[in-house]
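*Asks:* quick one: sequence plus predicted model below, questions after.
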Amino acid sequence: MSKTKIGISIGDVNGIGPEVIIKALSNELLLKQCTPIIYGSSKSIGYHKNVVEESDFSFVSIQSVEKAVFNKVNVLNCVQEPVHISLGKVSKEAGQFAYIALDHAVQDLKAGRIHALVTAPINKQAMQLAEFPYVGHTEFLAEQLSSDQQVTMMMVADDLRIGLVTSHVPLGTVSSLITKELVLNKIKGLNHTLKQDFGFERPTIAVLGLNPHAGEESQIGDEENLHIRPAIIEAKKGGILASGPYPADGFFGSQSYRKFDCILAMYHDQGLIAFKTLSFGRGVNYTAGLSQIRTSPDHGTAFDIAGSNKADEGSMRQALYLAMDIYRNRQEFIHSSENRLVASDKEEEFETA
């Protein structure tokens with residue numbers, strides 16, 4: 001069996017993405033476990049290699065994923081012409097390059113030519129200049145890699161997993177988006193993801209409230225009683241081990257999060273402030289519910305330190321390892337599901353004989 005092929009989209013070349021890719025892939029242990037394929041250009045990777053001091057990093061250039069070399073870092077050239085790099089600057093050219101590399105990687109992922117995708121950070125302003133018609137990676141991937149599951153932004157670090165009901169939306173619109181149907185679908189989607197991608201047989205999910213003190217019996221908002229609690233009750237009736245809604249501050253402050261396999265937060269900062277406080281530097285952004293696997297570091301382009309050789313590659317390394325782990329878990333889940341179907345068919349044959 002060949003090693004897992006992990007595609008890595010280069011992200012914004014004016015940021016720290018290429019630097020953390022190079023640093024993470026300088027670890028020979030990774031090359032023994034996967035075949036990495038960077039979607040970008042040899043010239044851009046070569047430029048950033050000079051930023052990383054005392055690196056043993058080397059790579060081979062390829063023109064298609066079929067030419068990938070085992071035990072080597074592969075750079076798939078998505079563009080042939082040089083890309084102008086302006087470290088720490090927003091530019092349309094960098095946005096266009098990131099868009100091309102991402103799209104190329106996604107097409108290979110859809111076609112099964114790579115097993116998983118790790119995306120380096122993009123700059124939203126640069127992507128808008130490049131006419132990227134999405135808020136970010138998650139929205140683009142949700143359209144390209146849709147499945148019958150609810151797509152959810154999920155943050156992962158060791159035993160801490162936090163999913164979001166709403167992600168990149170203004171805080172002022174969050175309340176209007178919280179419905180029983182949405183919350184229930186998110187719970188169901190996370191339950192499936194925890195089984196398929198993380199290997200849990202009966203995962204436990206804690207659901208946070210939206211308002212301070214989880215609404216305090218509708219004294220500080222009624223979203224909990226109108227939408228969140230009914231969704232939890234219905235999920236329980238379907239056999240899902242969901243509970244809540246919990247007040248977010250006390251839930252994290254008392255370390256109750258340690259008792260659950262996953263937490264469902266209502267909005268971006270409710271989940272990510274706690275997550276990054278507890279795990280910054282080793283956290284991973286995982287897009288749950290896609291037909292294929294995508295992970296990403298939990299940080300952005302960090303223009304303020306681009307080119308200074310100060311970027312920490314820990315989150316990128318963990319994103320690579322998580323992508324490999326989820327791929328293996330999915331293969332085992334599919335195998336187990338097929339065995340259950342075969343056993344069920346044999347049982348039916350026996351009963352009708």
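*Replies:* Perfect, thanks for sending it.

*Asks:* neighbours of residue 97, just the number please.
*Replies:* Using other Cβ atoms under 10 Å, residue 97 has 26 neighbouring residues. (Glycine included, C-beta is placed from N, CA and C.)

*Asks:* need the contact list for residue 241.
*Replies:* Counting by Cβ atoms under 8 Å, 6 or more residues apart in numbering, residue 241 makes contact with 202, 203, 204, 205.

*Asks:* which parts of the protein are helices?
*Replies:* 17-25, 28-31, 42-49, 92-110, 124-129, 137-144, 171-177, 180-196, 223, 229-237, 248-253, 268-279, 314-352 (DSSP state H).

*Asks:* could you dump those into CSV with mean pLDDT and distance to residue 62 added?
*Replies:* Shown next, in CSV, are the helices of the chain (pLDDT from 0 to 100; distance: least, Cβ to Cβ, whole Å):
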stretch, mean pLDDT, distance to residue 62
helix 17-25, 96, 15
helix 28-31, 88, 15
helix 42-49, 94, 9
helix 92-110, 97, 12
helix 124-129, 96, 26
helix 137-144, 92, 23
helix 171-177, 96, 43
helix 180-196, 97, 31
helix 223, 94, 51
helix 229-237, 98, 46
helix 248-253, 96, 45
helix 268-279, 95, 34
helix 314-352, 79, 19
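
*Asks:* mind checking which of the contacts of residue 241 are in strands?
*Replies:* 204, 205 (DSSP state E).

*Asks:* of the contacts of residue 241, which is the most crowded?
*Replies:* Top of the contacts of residue 241 by neighbour count (other Cβ under 10 Å): residue 205, with 24 neighbours.

*Asks:* not counting sequence-adjacent ones, nearest residue to that one?
*Replies:* residue 242 (4.5 Å; Cβ to Cβ, 6 or more residues apart in numbering).

*Asks:* what about that neighbour, how many neighbours?
*Replies:* Count around residue 242 with other Cβ under 10 Å applied: 25.

*Asks:* OK, contacts around it?
*Replies:* So residue 242 contacts 187, 191, 204, 205, 206, 207, 232, 235, 236, 264 (Cβ under 8 Å, 6+ apart).

*Asks:* how close does it sit to residue 250?
*Replies:* 18 Å (Cβ to Cβ, to the nearest Å).

*Asks:* right, so the helices of the chain: which one is the most enclosed?
*Replies:* helix 17-25 (a mean of 26; mean count of other Cβ atoms under 10 Å).

*Asks:* which strands and helices sit next to that helix?
*Replies:* strand 34-40, helix 42-49, helix 314-352 (3 or more Cβ pairs under 8 Å, 6 or more residues apart in numbering; DSSP states H and E).

*Asks:* export the ones you listed as a markdown table, with columns for distance to residue 296.
*Replies:* Shown next, in a markdown table, are these (distance: least, Cβ to Cβ, whole Å):
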| stretch | distance to residue 296 |
| --- | --- |
| strand 34-40 | 14 |
| helix 42-49 | 18 |
| helix 314-352 | 6 |
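
*Asks:* between these, which one is nearest to residue 65?
*Replies:* strand 34-40 (5.9 Å; Cβ to Cβ).

*Asks:* relative to helix 17-25, how tilted is the closest one?
*Replies:* On the basis of axes from the mean of the first three to the mean of the last three Cα atoms, to 10 degrees, strand 34-40 is oriented at 170 degrees to helix 17-25.

*Asks:* hey, C-alpha coordinates of strand 34-40 in PDB?
*Replies:* Extracted in PDB, the C-alpha atoms of strand 34-40 (Å, rounded to 0.1, in the frame of the first residue of the first chain):
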ATOM      1  CA  CYS A  34       3.300  10.500   3.700                       C
ATOM      2  CA  THR A  35       4.100  11.900   0.200                       C
ATOM      3  CA  PRO A  36       3.700  15.700   0.400                       C
ATOM      4  CA  ILE A  37       2.900  17.600  -2.800                       C
ATOM      5  CA  ILE A  38       3.100  21.400  -2.500                       C
ATOM      6  CA  TYR A  39       0.800  23.200  -5.000                       C
ATOM      7  CA  GLY A  40       2.600  26.400  -5.900                       C
END
